[in-house]
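>>> Return atomic coordinates for the entry below.
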Amino acid sequence: MLKFVCMEKLNFKSYQIEIKNNQNKQYVFDEIRKKNVLLTPEEWVRQNCVQFLIHEKKYPKSLISIEKKISINSLTKRYDIVVFGSDGMILLIVECKSPKIKISQRTFDQISRYNLVLKSQYLMLTNGLSHYFCKVDFENKKYSFLKKLPKYKSR
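This is a model prediction of the structure:
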């Protein structure tokens, strides 16, 4: 049976997200991966963030990638969300945490390590309650915080 429910209220607009119960577990339909995935607090944040990117920031669904493996210093890691530009270059990396996990320096270090490989222009960190946006300056090896994430513009 399908139903639309709201889990923990996050600091995003309200979106209708499809939740399905199966064998006493809840699953959420991921419209990017086109499948049901186990609903965890982090997945709830990820799905709301994807809706934010699509509806508020106008990023095309076709340019969004979720939970793909990357190799960093011979270690296999998995990013949460990556958005590509129309030129195929990575435009944005998003690191999602459960609402119970505070965004800390460790979280910034994690996404920065990912970005050594991915070379994204923008970074977003969110636990669904707090959101941080950065623009990366590769030339000067620093990033600057932004008040909001820019809307999508094809390059």
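>>> pLDDT weak spots in this structure?
For the chain, the stretches flagged by pLDDT under 70 are 1-6, 155.
>>> those strands in it, which residues are they?
2-4, 18-22, 25-30, 35-38, 64-66, 69-72, 75-78, 81-84, 90-96, 122-126, 131-137, 142-146 (DSSP state E).
>>> Including distance to residue 153 and mean neighbour count, could those go into TSV?
All C-beta spots, glycine's among them, are computed from the backbone N, C-alpha and C. Listed next are these as TSV, based on distance: least, Cβ to Cβ, whole Å; neighbours: other Cβ atoms under 10 Å:
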stretch	distance to residue 153	mean neighbour count
strand 2-4	32	9
strand 18-22	30	14
strand 25-30	25	16
strand 35-38	30	12
strand 64-66	16	18
strand 69-72	25	12
strand 75-78	28	10
strand 81-84	12	21
strand 90-96	9	23
strand 122-126	12	23
strand 131-137	14	17
strand 142-146	15	12
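>>> and residue 103, which of the ones you listed is closest to it?
Among those, strand 122-126 comes nearest to residue 103, with 5.2 Å by Cβ to Cβ.
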